[in-house]
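**Q** Need coordinates for the below:
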Amino acid sequence: MSDRTASIAYGRLMHRAMRSLIQQVLEDVARDGLPGDHHFFITFDTTAPGVDIADWLRDRYPEEMTIVIQHWYDGLAVDDDGFSIVLNFGDNPEPLRIPFDAIRTFVDPSVEFGLRFESTEAPEVEGDDPAPTDGGDRPAPRPAPQDAEVVSLDTFRKNH
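**A** A predicted model of the protein is given here:
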């Protein structure tokens, strides 16, 4: 018999699928380079665990930072947790390490594609109890799941 108090965590599943999509796109770019006019604006939380950026960048961007992967980048390497890349900041190449869980938005304006990740819940750890209790028989309330949604590209468009 099924547990009627359990529910399908669609938000968490969507979150995981969208992170996987970004991982696949970046793996393809690391292997083959950027095709055509594709380029990415990636905004990430600079305070997230695992983010590794130069101290001067962290001082300048204490909460979030947007990077552009387009004309010049080097050393793009992708793994299951995130990606590393070297970008040019005022003629200074700087290495960055960005975990997928730190990403807030991912936009490819060349094809009007964008994702936004709301950070309302810590990532789920494999083996987590699907319905922790509040000390009694009822499941404890859970924070709202992280959602992925389309980002308005107007933010990234240049005024012509």
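**Q** ok, D32 - contacts?
**A** If you count contacts by C-beta atoms under 8 Å, 6 or more residues apart in numbering, D32 has none. All C-beta atoms are positioned from the backbone trio N, CA, C, and that covers glycine.
**Q** How many neighbouring residues does H71 have?
**A** Here the number of neighbours of H71 (other C-beta atoms under 10 Å) works out to 8.
**Q** Would you double-check that it falls in a helix?
**A** No - H71 is assigned coil when assessed by DSSP: H, G, I helix; E, B strand; the rest coil, not a helix.
**Q** ok, for it, nearest residue in space, not its chain neighbours?
**A** Nearest non-adjacent residue to H71, counting by C-beta to C-beta, 6 or more residues apart in numbering: H39, 8.0 Å away.
**Q** Hmm, I67 and the one you found touching each other?
**A** No - look at H39 against I67 with C-beta atoms under 8 Å: they stay out of range, at 10.8 Å.
**Q** Which of these two has more residues huddled nearby?
**A** Neighbour count, other C-beta under 10 Å: between H39 and I67, I67 has more, with 19 against 16.
**Q** how far away is that one from F106?
**A** Here the criterion is C-beta to C-beta, to the nearest Å. By it, I67 lies 11 Å from F106.
**Q** which neighbours do these two share?
**A** With C-beta under 8 Å, 6+ apart as the test, I67 and F106 both reach 41-42.
**Q** For S110, which non-adjacent residue is closest in space?
**A** Distances taken as C-beta to C-beta, 6+ apart place D37 nearest to S110, at 4.2 Å, with adjacent residues excluded.
**Q** Equivalent analysis for Y61, please.
**A** T46 (5.2 Å).
**Q** The protein: strands as residue ranges?
**A** Remark: strands assigned in the chain by DSSP state E are 40-45, 64-69, 74-78, 82-89, 92-99, 103-108, 113-117, 148-149.
**Q** among those strands, which is nearest A17?
**A** Shortest separation from A17 across the strands of the chain is recorded for strand 148-149, at 7.9 Å, computed as C-beta to C-beta.
**Q** and the closest one, average pLDDT?
**A** Confidence for strand 148-149, expressed as mean pLDDT, is 42.
**Q** Over to stretch 107-124?
**A** For stretch 107-124, the per-residue pLDDT averages 75.
**Q** For the residue nearest to H71, which residues are in contact?
**A** Going by C-beta under 8 Å, 6+ apart, H39 touches 68-71, 108-110.
**Q** in this protein, which residue is closest to the centre?
**A** Centroid check for the chain by C-alpha atoms, centre = their mean gives I103 as the closest residue, at 2.6 Å.
**Q** Cool, thanks, signing off.
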